[in-house]
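1. need a 3D model of the sequence below.
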Amino acid sequence: MQEKINAGLLGSIKAKQDFAAAYSGELCRLVEALVSAFNNGNKLLIFGNGGSAADAQHLAAEFVNRFLIDRRPLPAIALTTDSSILTSIGNDFSFDDIFVKQIKALGQAGDVALGISTSGNSPNVLKAIEQAKGMGLLTAALTGGHGGKLLPLADIGLNVPSSFTPHIQESHLWAEHLLCQLVDERMFGAARP
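-> Sure, this is the predicted structure:
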């Protein structure tokens with residue numbers, strides 16, 4: 001078991017290091033885009049499936065409530081949380097439309113749409129990013145592996161170049177926390193130790 005623990009730790013660290021080496025510039029671009037959107041009265045719309053849905057909710061909570069510093073709430077909405085909307089769209093139309101219809105209803109030019117997909121190939125995430133682009137939202141993606149179809153589709157693409165799903169998801173959470181911290185620092189100053 002100790003061998004598995006050590007190997008898992010090293011694999012997780014490597015995934016984060018590879019991500020940072022390849023995509024830290026894109027992460028900084030997303031920070032600046034969010035700062036601009038929030039300062040201009042726009043919002044962040046976040047979506048994904050499964051663990052990525054949980055990440056969307058986690059990230060929205062950090063922005064709306066707080067991350068490391070007490071500051072005004074920042075407008076972020078996880079499109080994964082309303083079971084009535086999700087099930088009615090899935091039942092009446094298609095599961096592939098659960099995010100695209102919410103983008104149509106809630107999105108406005110100047111907002112940021114962040115799609116999270118470990119594979120980069122989730123049909124409902126792809127459709128929502130396409131819709132968001134067509135409406136003038138800035139689009140961003142968090143993906144893994146080779147990025148699938150989603151990575152090149154987004155205006156800002158962040159990809160964890162790993163084939164191991166747990167390490168991709170761990171790196172996504174790390175990147176999401178960095179996003180919160182860097183946005184907060186750009187808008188409100190650094191947290192005091």
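2. low-confidence regions, the protein specifically.
-> Scanning the chain for pLDDT under 70 picks out 193.
3. longest strand of it?
-> Determined from DSSP state E, the single longest strand within the chain is strand 138-144.
4. got the CA coordinates for it in CSV?
-> The C-alpha coordinates for strand 138-144 follow below in CSV (Å, rounded to 0.1, in the frame of the first residue of the first chain):
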residue,chain,number,x,y,z
LEU,A,138,-15.7,34.5,-23.8
THR,A,139,-15.2,30.7,-23.6
ALA,A,140,-12.8,28.8,-21.5
ALA,A,141,-12.2,25.0,-21.1
LEU,A,142,-10.5,22.8,-18.5
THR,A,143,-9.7,19.4,-20.1
GLY,A,144,-7.4,16.5,-19.8
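5. tell me the helices and strands packed up against the very next helix or strand once past it.
-> Sequence order places helix 150-153 as the next helix or strand after strand 138-144, per DSSP states H and E. With contacts taken as 3 or more C-beta pairs under 8 Å, 6 or more residues apart in numbering; DSSP states H and E, helix 150-153 sits against helix 123-134, strand 138-144, strand 156-160. In this view, the C-beta of every residue, glycine as well, is placed from N, C-alpha and C.
6. which of those sits closest to residue 46?
-> strand 138-144 (9.3 Å; C-beta to C-beta).
7. for that closest one, what is the distance to the chain centroid?
-> 6 Å (C-alpha atoms, centre = their mean, to the nearest Å).
8. stretch 21-35 now?
-> The answer for stretch 21-35 is 12 Å, by C-alpha atoms, centre = their mean.
9. flag every buried residue along it.
-> 23, 26-27, 29-31, 33-35 (16 or more other C-beta atoms under 10 Å).
10. quick revisit: run the angle between the longest strand of the chain and helix 123-134 for me.
-> 150 degrees (axes from the mean of the first three to the mean of the last three C-alpha atoms, to 10 degrees).
11. just checking: what are the partner strands of strand 138-144?
-> When pairs are called by DSSP bridges, strand 138-144 turns out to pair with strand 112-116 (parallel), strand 156-160 (parallel).
12. one step back: tell me which of the helices and strands packed on helix 150-153 sits most buried.
-> strand 138-144 (a mean of 28; mean count of other C-beta atoms under 10 Å).
13. could you identify the most distant pair in the buried residues of stretch 21-35?
-> Maximum distance among the buried residues of stretch 21-35 (C-beta to C-beta): 18.2 Å, for 23 and 35.
14. by how many degrees do the longest helix along the chain and strand 138-144 diverge?
-> As assigned by DSSP state H, the longest helix anywhere in the chain is helix 2-39. Put simply, helix 2-39 runs at 180 degrees to strand 138-144, going by the same axes, to 10 degrees.
15. so what are the sheet partners of the helix or strand following helix 2-39 and their directions?
-> Heading C-terminal from helix 2-39, the first helix or strand you meet, by DSSP H and E, is strand 44-48. Strand pairing for strand 44-48, using DSSP bridges, gives strand 76-78 (parallel), strand 112-116 (parallel).
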